[in-house]
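J.: Turn this into a structure:
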Amino acid sequence: MVRFVFQLVLLISLAQASSASASGASSGASSGASFGTFSEPQQIQWKGDFRYRIVQQKEGSADSRLYQQIRARLGLHVDIDSDFSVGLRMATASSAISGNQLLGDESDPGMARRTFGIDQAFGSWSAPEDSDLSLKVSLGRVANPFFAPGGVQLLYDSDLAFEGVSLEFKTSPNDPSAFLNLGGFILSENYDAPVDTVDAGLVGIEAGWILSGDTAGKLILHLARHHFLNVAGRPITGLERSARIDSLSAPFDRYRGNSVYAADPLATSKTYLLRSEFVLTNAGFEWTPSAFFGAAAEDLGFSFFGDWVQNDYGGDHRDAVEAGFILNRGLIKILVAGVFKGSDSLLGAFTDSDFVGGGTDTKGTKLGLSYQATKHTELALTSFIGTRGVSATSRDYNSQFLDFSLRF
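T.: Predicted structure coming up:
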């Protein structure tokens, strides 16, 4: 199924590319251009950011922990011509869901050189700007193509990149409009010669609507299905190379909150497998009202958001939800949100890594306050107050992040 979706989307993109190339070739022939000759790119754009973070974290009865992290990202975007572009971004660390590099990392102490690797690398084809619709097809290691109301990270951490093919379509560049996002991605390609074993993948489809009016304000709605293929019964190391079960999940075996079981319970060194399939329904909204208690909401910078996920195979712990509001007053931004994640509501390996230590089987509150000191610098304080192991070994989990960010 994954391969079929890959091939289908790839054929669509190649057909579009061939059409564009054919028109370009005919014009090139008339001007004496030869095959394999490339013109200079129209535009090259560099961008990046650096973040220094101080974290204070306390879980259950354990001592409070204080540590430092950095995240650095450097990206390049090149417009090859009016239709094609290439993107490349490098980032610190090696986790799929975090670019944070721990300073003084005990697994590699002595101020050793740190990892800086490929975060995103993709080629894109976009419909001409003068067309009445917006369409983009991207191949490679791409950014998340799906809508996240209020920037929530309920289903996917904002640092997660997707490996495969994505298609993003919008009926009009102006509001009101509708949008459609598709993706076919590979999680684990498995080949044990001479046998091609079963791969794990993700297929997602999302439809959305952007509505606006002088009275109601702006409302964005989305509805999506995300099907993780061939993950049930797969070793947890098939999702994360260094995966291990949660140490405080008694009386159950859990991996990042998800239910797992031992392939051989009597083995000295156990291999743990995911118990549940993950076929998810995702729906949500983002609303910026035109007025709020008699004041112009746009002047206040008010917006409300909510997102919900349900796993068809999650049993009694199949639901996850995040809802809250954002107040953006010029240089100051305030965020308040409540979060709940049932243990098998979504894949814990890909959800927000910051909220209550990451993973599922959690609940709590997220509070954020940020101040834009200059055009390219920001100070932010974020607090997570919640509970881990909601359906297992329940314990309090509180953490505070103090961030200093520079962007260019």
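J.: Show me the shaky parts of this protein.
T.: 1-42, 192-197, 292-300 (pLDDT under 70).
J.: Quick check: beta-bridge partners of residue 365?
T.: Applying DSSP bridges to residue 365 gives these bridge partners: residue 338, residue 385.
J.: swap in residue 262?
T.: With DSSP bridges as the rule, residue 262 is bridged to residue 272.
J.: Tell me how many other residues surround it.
T.: For residue 262, the count of nearby residues is 13 (other Cβ atoms under 10 Å). The C-beta positions use only the backbone N, C-alpha and C, and glycine is treated the same way.
J.: go on, the one 3 residues further on?
T.: Applying the criterion other Cβ under 10 Å, we find 8 residues in the vicinity of residue 265.
J.: Now do the SS call for it.
T.: Look at residue 265: counting by DSSP: H, G, I helix; E, B strand; the rest coil, its state is coil.
J.: One more: residue 73?
T.: The local conformation at residue 73, judged by three-state DSSP, is strand.
J.: isn't it right up against residue 88?
T.: No - checked against Cβ atoms under 8 Å, the pair residue 73 and residue 88 is beyond contact range at 11.1 Å.
J.: more neighbours, the two?
T.: Each of residue 73 and residue 88 has its neighbours counted (other Cβ under 10 Å); residue 73 has more, 19 against 16.
J.: how near is that one to residue 47?
T.: 9 Å (Cβ to Cβ, to the nearest Å).
J.: what does residue 362 give?
T.: In this view, residue 362 and residue 47 are 33 Å apart by Cβ to Cβ.
J.: Same question for residue 248.
T.: Counting by Cβ to Cβ, the gap from residue 248 to residue 47 is 40 Å.
J.: can you check residue 101 too?
T.: Residue 101 is 20 Å from residue 47, by Cβ to Cβ.
J.: Show me which of those two is the more surrounded one.
T.: Using other Cβ under 10 Å as the criterion, residue 101 and residue 47 rank with residue 101 on top: 20 against 12.
J.: The more buried one contacts residue 70, correct?
T.: Yes - taking contacts as Cβ under 8 Å, residue 101 lies within contact range of residue 70: 5.3 Å.
J.: Would you mind grabbing the residues shared as contacts by those two?
T.: Counting by Cβ atoms under 8 Å, 6 or more residues apart in numbering, the residues touching both residue 101 and residue 70 are residue 92.
J.: Surely residue 248 is in a helix?
T.: No - looking at residue 248 with three-state DSSP, it is coil, so not inside a helix.
J.: Name the nearest residue to it, sequence neighbours excluded.
T.: Leaving aside its sequence neighbours, residue 248 sits nearest to residue 393 (Cβ to Cβ, 6 or more residues apart in numbering; 4.7 Å).
J.: Tell me how many other residues surround that neighbour.
T.: Number of residues near residue 393 (other Cβ under 10 Å) recorded here: 17.
J.: Just list the residues touching it, thanks.
T.: 248-250.
J.: ok, these vs residue 350, which is closest?
T.: Of all the contacts of residue 393, residue 350 sits closest to residue 249, with 18.6 Å by Cβ to Cβ.
J.: show me the contacts for that closest one.
T.: By Cβ under 8 Å, 6+ apart, residue 249 lies in contact with 361, 389, 392-393.
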